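Novice: Everything below, folded, please.
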Amino acid sequence: MFCRISGSVSFIGLTLAFAFLDTGQLANSVISAQGLIAKDKSGTSDPYVTVQVGKVKKRTRTMPRELNPVWHEKFYFECHNSSDRIKVRVWDEDNDLKSKLRQKLTRESDDFLGQTIIEVRTLSGEMDVWYNLEKRTDKSAVSGAIRLHISVEIKGEEKVAPYHVQYTCLHENLFHSLCEENGGMVSLPQAKGDDAWKVYFDPPGEELVDEFAMRYGIESIYQAMTHFHCLSTKYLCPGVPAVMSTLLANINAYYAHTTASPAVSASDRFAASNFGKEKFVKLLDQLHNSLRIDLSMYRNNFPASSQEKLMDLKSTVDLLTSITFFRMKVQELSSPPRASTVVKDCVKACLRSTYQFLFENCFEMYNREFQVDPIEAARDMDDHGPRLDSLKFWHKLISLIVMVNDEDKNSYAPVLNQFPQELNIGQLSCATTWSLFAVDMKYALEEHEQHRLCKSSDYMNLHFTVKWLHSTYVKDVPPYKGAVPEYPAWFEPFVMQWLNENDDVSLEYLHGAFSRDKKDGFQKSSEHVLFSVSVVDIFTQLTQCFDVVSRLECSDPEIWKRYMKRFAKTIVKVLLAYADIVKKEFPSHLKEERIACILMNNIQQLRVQLEKMFESMGGDKLEEDAANILKELQQQLNGALDDLAIQFANSLEPRITVSVKELGDLLLAIKGGGQVTLSQPAQRNNVTVEADDVLRPLMVLLDGSLSLYAESCEKTVLKRLLKELWKIVMRILEKTVVLPPMTDKNMMFKNLTDNAKNLAANAKIEDMSKLFKNHMAGKPDVKNALSGVMDISKEVEKNLSPKQCAVLEVALDTIKQYFHAGGNGLKKTFLEKSPELQSLRYALSLYTQTTDTLIKTFVTSQVNQVPLNDASTLRQRQRSMSSERGDEGEGAEGMESLEEPLRQSKPSLRRESRQDTAGSDEGSVGEVSIQVDLFTHPGTGEQKVTVKVVAANDLKWQLASGMFRPYVEVNLIGPHLTGKKRKQSTKSKSNNWSPQFNESFDFMIGNEQQQLDFYELHICVKDYCFAREDRLVGVAVMQLKDIVEEGSCACWLSLGKRIQMDETGWTILRILSQRNNDEIAKEFVKLKSDIRQETLLPNPT
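Specialist: The predicted structure follows:
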C-alpha cells in the first residue's frame, strides 16, 4: 500500500495537518502548542517541531522565547504502509558552546521538550486532536500538549467520521438502547473502587466501549464527558444525580489538577478537550437551568416520603456545586453564582409557591392532612379563604405552616447540609413562611379591627397561637433573632378590648364573691389567716387575668407598658370597688367586733396582695405610669384602712369617755398639796400607786378590748387601731380631765335666756369661738354667758393640784407603756411625738405656768384677734396715710400737737380713705385713730410707749333713749406689769359718733431685750354711764412687734365686736379665769372676754 501523507500537529500551540494525496496522503498544518517546559536560564525556551513519517522528516521554524508557540505550518507526507507511525518531537534550539559540544557527543545539539507518536492506522478522515507530550526516557523533563490537525485521504475509499465522533455515536446509542430495555430508566453499574466512575455500563457494554477507546485512542476523559452528556438527558431518574455529580467532580479534578508546570492553566487544559469546549459549557449551562427549575419545586420532585428521592435531592445539590466549581476553577470565571445562593433562591421560590398553595387551598389541605371529621369537613367545603366573622382559617393555616416547617427541618435539612454556614433549610423555611404569613395576618387583623365581628377571647386565642408559632419556629431564626417581633402590635387593639371586657367580668365576680362571703358570715379563709375568702376570690380572678396577659410574652417593651398601664387601671377599679363595698357595710358591723376586724383585715390583705401583684408586674422595673397608678391605689387603700380604723375606734369612744370620766373622778379625789418631786423614790412610789389606782377603769376597758383585737386583727391593722385609740384616749383625757367642760350649768348660765342656755349648755370653753361665731354673735345674752363662763367658782371648776398633775404624768407613762406593749405595739417615738400627747402635756403644763408666761403665750399666739386689723392691712393703711399727707397738710384737727419722736413728719388722716376702709370691712362697728411711738431711754434702756388717741369715726351705736358718751380706753397687756400703770382712758364726748380726743398716754416697759414682742395695746371704745357698768362699743388690738421696726405708727384701727381667739387662747383664758387672787389675771380675762351687746338698754341721764 502506497500512501502520500500531509498533516498538521498541535498541542496547546502546535498544529499539524495531514491529508492523503493521490492514492494515499497526509496533509498537515502545524498550528500551536501550550505549556512547554522552560529549558533556558531566562525561564523560557526556543521551541520548534520536527515531524517524521517513515524516513521523511520535516521541521517548523523556531519560536524564540515562547512557551506557548503558534506555527500554522503545513507539511505533506506520502504513506506507503498502514503500519507507519508519525513521530512528532518538540525541541528547544540552542546555539551556545555547550550545545555544540553535546552535538558532537550525542548528535543532538538541542534540548528535548517532548514527543507524541501516532499510529497511521488509527487515523481516519479529518481529525483535530490534542496530544499530551510524552517522555523519551525516564530522565526527560516534559510538560505541555500538542494539537494535531490531521487529514487522511485514501484514493478509492469513502470518507469516514473521526474516531471520536464514532465513539460518541457508539456510546450514545448503547446508552439509550439500554435505557429503553430498562423501561426508560437508567441502568447504573454496581462498580466499586477509585476508578468506579470510569465504569459506564454493565458488561458487555462496558467492554465494547473500552475496546473501541483503546483501539482508536479515545481518551478516558472524553469517555467521561460523553457519558455525562448521556446522563444529562436522564438526570431525574433515581440515582442518576449522584453518578453525574461524581463524574463532573472527576472531570473537574482532571482539568483543574496542578501539573508540573504552573504555566498550564485549567482553562487552557479544558480548551484542548477533544469533546469540545463550547459544547460542554453549553451542556452545563442548560443542565444548571434545569436543576434550578426542578429545585424550585423540590417538594414535588423530591418528596420527603421517599428516602431515595431525598438522596437524589442531595446529589442534585452536589451536582450544582460541581457545576459551580467547574465554572470557577476550569472555566476560570471571576464570580459565578455560588451554589449555596442558587439553592437558597430555589428553596425560597418553592416555599413561596407552597405557602400560596396552602393559603388558597387551606381548608381542603387541612382536612386531608389532619383527617378531620367528615361532618366538619363538609361544613368547610364552602370556605375558601379567611372571613371577618371567623378566625378558623388562620388556625388551620398555621397548622399547615407548621407541617411545612417541620418537614423542612426534619426531612430536608439533614439532606441539604452541604452549606452549614450559608444555608439551613429549616431556618429558611421558618423565616420565609413567617414573612409571607405576617403580611397576610397583619392585613387581616386590620380589617377585623374595623368590624370586630368575633369575640375578644377568639382574638386572644389566635394571639396565643401566633405567639407559639413565632416562639417555636421564628424567634431564633435570622433575620428575626434578637429583633422585637411585630405581631404584638397586630393584636394590641384586641388585647385592650379583652382587658376592657375583663373589667366588667371582674366587677361582677367581685360582687358575687362579697355576697357569698357576707352570707357565710365573713368566715376566715383558713385557720392560719385573719381575712375572709372574698379577698382570695378577687385576687384569684385578677391573677388569672394577669397570667393570661403574661403568657402573651409580649417582647415589645412599649406595648407591654401599655398593657400594664391598662391592667393597672383594672386593678384600681376592682380594689376600690371592693373597698367601697366594705365601707358601706362596715357601720352595720361595728357592734360585731370580730366581723369588723375581719373587714379591716380584708382591706389590709388587699394592700398585701397588691404589693405582690406589683412585684409580679415588674416591681421597680414596671412602667412609670402603671407604677404610679398602683402606688396611688396603695395610698387610697391605705386611706380606706385608716378611715375604717378611725370609724371603728370612734365607735369605742363613748365607752372610753365613761372610763376616762371615772379616771377623772378618782384623780380629783386625790388630796394633798404642795410640789411633788418624782425624782425622790418614796414620793414616786406613792404617786405610782395612786396612778395605778386612777388608771384602773381605763385599763379594764382596754385590756378586754385589745385582747380581742390582738387575736382578730392582723398586725398592721392592730397598730392602726392602736394609733386611733391612743389619739382618742389622749384627746378625751385632755378634754375631760385636764381641761374638762363646764359642769354646773345652773350656776354658769343662771342669768341666760332659755335660747342662750340651749346653745351654750354643751359647749366647752375651747369651742366658744365657733359657738359665738355661728350662733351667738349679736344675741342679747352673749356677754352674760361669757361672763358666767369666766366667773365660775372653784367649787365647780377646780384646777389640778401639783400632786394630781404628778399622778397624771405617771399615769401617762403607764398608758404609753401599755400601748407600746414591749415593742409589739406602737413605737415609742410615735407615742412621744404624737400631737395628741404633746397637746395634753402642753395643757397640763399650763396649770403650772405663771400668769406672765401665760399672757406672753397668749400675745405671741393670738396674732389675729381682730381680723379687720391684721398686720398686712395695718401696713397698707400706714402707706395710704403717708402718701396722702401732702394732699391735706395739717388740716386735721388736733394733728399739729402730735409728737415726733422717731419721724420727721407724721402722716395726716383722710376721712374718705377711712370710710372706704371701714365700709369694706364686714363686721366693723367703727374705727379709731391712734398714734403710737416707741422710745428707749439712752441710759437705762427702759422702754416707753406713747399712745395718742386722735379720734373715733363712724361709731355704730344706737340708744333707745338717753345720751351717748363715747370714750377710748387704752390697756397695755404683757408680762412684768405688776405695779405699773396698765390702763388709761380719754374723756368722754357727749352724743358724738365721730368724736375727736387728741389725748396722749405713756406706758412704761422694762429694759429686757425683745420685750416688745410680748406686748400689745388693747383699745376699747366704750359708752360711759354713771349708774351702771360702761358698755363696750368696739375693740381693737395692736401688737407692738408689728411697729418695732419703724418705731412709730399712725393709723386707723377698725373696731370689732369682740376678740377672736383660737383654742390656745380660750384655754389660757380659762385657766387665768380660775386665778381669783391674781388681779392681773382677772383684769386680763375681763378684757379679752368682753363683748358688745346688740340689744341696748336706755342710758340713764
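
Novice: Now do the one residue sitting closest to the centre of the chain against residue 632, distance only.
Specialist: For the chain, residue 623 is the residue whose C-alpha lies nearest the centre (CA atoms, centre = their mean; 4.1 Å). Computed as CB to CB, to the nearest Å, the residue 623 to residue 632 distance reads 14 Å. C-beta coordinates here come from the backbone N, C-alpha and C atoms, glycine included.

Novice: residues in contact with the residue nearest to the centre of the chain?
Specialist: By CB atoms under 8 Å, 6 or more residues apart in numbering, the contact list for residue 623 reads 560-561, 564-565.

Novice: so how far is the first residue of stretch 1052-1061 from its last?
Specialist: Stretch 1052-1061 has its terminal residues 22 Å apart, counting by CA to CA, to the nearest Å.

Novice: er, stretch 857-866 actually
Specialist: In stretch 857-866, first residue to last residue: 17 Å (CA to CA).

Novice: Go through it and flag the buried ones.
Specialist: For stretch 857-866, burial by neighbour count (16 or more other CB atoms under 10 Å) applies to 857-859, 862, 865-866.

Novice: hang on, the earlier thing: in JSON lines: the contacts of residue 623, plus secondary structure, pLDDT and neighbour count.
Specialist: Shown next, in JSON lines, are these (DSSP: H, G, I helix; E, B strand; the rest coil; pLDDT from 0 to 100; neighbours: other CB atoms under 10 Å):
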{"residue": "560", "secondary structure": "helix", "pLDDT": "93", "neighbour count": "21"}
{"residue": "561", "secondary structure": "helix", "pLDDT": "92", "neighbour count": "17"}
{"residue": "564", "secondary structure": "helix", "pLDDT": "94", "neighbour count": "22"}
{"residue": "565", "secondary structure": "helix", "pLDDT": "93", "neighbour count": "18"}
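
Novice: looking at it, residue 863 is touching residue 1037, isn't it?
Specialist: No - using CB atoms under 8 Å, residue 863 is not in contact with residue 1037, being 9.4 Å away.

Novice: hmm, back to that, quick one: the residue nearest to the centre of the chain from residue 571, how far?
Specialist: Distance of residue 623 to residue 571, computed by CB to CB: 14 Å.

Novice: Low-confidence stretches in the stretch 51-200 of the chain?
Specialist: Applying pLDDT under 70 to the stretch 51-200 of the chain flags residues 82, 96-109, 124-125, 153-160.

Novice: What backbone torsions are found at residue 929?
Specialist: phi -100, psi 130 (degrees, to the nearest 10).

Novice: Please name the nearest non-neighbouring residue to it.
Specialist: residue 950 (4.1 Å; CB to CB, 6 or more residues apart in numbering).

Novice: Please apply the same query to residue 517.
Specialist: In space, residue 517 is closest to residue 534, 3.7 Å off (CB to CB, 6+ apart).

Novice: Now do the contacts for that neighbour.
Specialist: Contact analysis of residue 534 by CB under 8 Å, 6+ apart lists 510, 513-514, 516-517, 522, 578, 602.

Novice: can you do 7 Å?
Specialist: 513-514, 517, 602 (CB atoms under 7 Å, 6 or more residues apart in numbering).

Novice: between the residues you listed, which has the most around it?
Specialist: Highest neighbour count within the contacts of residue 534: residue 602, with 28 neighbours (other CB atoms under 10 Å).

Novice: Low-confidence bits of the stretch 351-500 of the chain, can you list those?
Specialist: 372-384.

Novice: mind checking the SS state of residue 969?
Specialist: Judged by DSSP: H, G, I helix; E, B strand; the rest coil, the three-state class of residue 969 is strand.

Novice: Give me the subset of the contacts of residue 534 that lies in strands.
Specialist: Assigned to strands by DSSP state E, none of the contacts of residue 534 qualify.

Novice: Leaving out the residues flanking it, which one is nearest to residue 627?
Specialist: Residue 627 sits nearest to residue 614 (CB to CB, 6+ apart), 7.5 Å away.

Novice: okay but that neighbour is in contact with residue 630, surely?
Specialist: Yes - taking contacts as CB atoms under 7 Å, residue 614 lies within contact range of residue 630: 5.2 Å.

Novice: Look at those two and report which has more neighbours.
Specialist: Using other CB under 10 Å as the criterion, residue 614 and residue 630 rank with residue 630 on top: 24 against 20.

Novice: how close does that one sit to residue 213?
Specialist: 90 Å.

Novice: How about residue 482?
Specialist: 60 Å.

Novice: the more surrounded of the two?
Specialist: Legend: neighbour count by other CB under 10 Å for residue 482 and residue 213, higher for residue 213 (20 against 8).

Novice: For the stretch 151-300 of the chain, which segments count as helices?
Specialist: In the stretch 151-300 of the chain, the helices defined using DSSP state H, counting those that start in this stretch lie at 163-181, 205-216, 220-231, 240-256, 266-271, 277-295, 298-301.

Novice: What is the burial count for the residue nearest to residue 929?
Specialist: Neighbour tally, residue 950, other CB under 10 Å: 24.

Novice: How about residue 66?
Specialist: Residues near residue 66, counting by other CB under 10 Å: 15.

Novice: Give me the three-state assignment for it.
Specialist: Using three-state DSSP, the structure places residue 66 in coil.

Novice: For it, give me phi and psi.
Specialist: Taking degrees, to the nearest 10 as the convention, residue 66 sits at phi -150, psi 130.

Novice: so it makes contact with residue 48?
Specialist: No - contact criterion CB under 7 Å: residue 66 and residue 48 do not qualify, at 10.3 Å.

Novice: avg pLDDT for stretch 332-348?
Specialist: Across stretch 332-348, pLDDT averages out at 89.

Novice: buried set for it?
Specialist: So stretch 332-348, judged by 16+ other CB under 10 Å, has buried residues 336, 339-340, 342-344, 346-348.

Novice: can you tell me how far residue 638 sits from residue 606?
Specialist: 10 Å.

Novice: How about residue 276?
Specialist: 91 Å.

Novice: Looking at those two, which is more packed in?
Specialist: For residue 276 versus residue 606, the count of surrounding residues by other CB under 10 Å is larger for residue 606: 26 against 14.

Novice: which other helices and strands contact the helix or strand where the more buried one lies?
Specialist: Using DSSP states H and E, residue 606 sits in helix 593-616. When contacts are defined as 3 or more CB pairs under 7 Å, 6 or more residues apart in numbering; DSSP states H and E, helix 593-616 packs onto helix 533-551, helix 557-585, helix 624-651, helix 681-712, helix 715-732.

Novice: Switch those helices over to a markdown table; also include distance to residue 267.
Specialist: Below are the helices and strands packed on helix 593-616 laid out as a markdown table (distance: least, CB to CB, whole Å):
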| stretch | distance to residue 267 |
| --- | --- |
| helix 533-551 | 63 |
| helix 557-585 | 58 |
| helix 624-651 | 69 |
| helix 681-712 | 99 |
| helix 715-732 | 90 |
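
Novice: shaky segments in the stretch 551-700 of the chain?
Specialist: 673-679.

Novice: returning to what we had before: list the buried residues for the helix holding residue 606?
Specialist: For helix 593-616, a neighbour-count test (16+ other CB under 10 Å) marks 593, 595-607, 609-610, 613-614 as buried.

Novice: any idea of the angle it forms with helix 557-585?
Specialist: For helix 593-616 against helix 557-585, the angle by axes from the mean of the first three to the mean of the last three CA atoms, to 10 degrees is 180 degrees.
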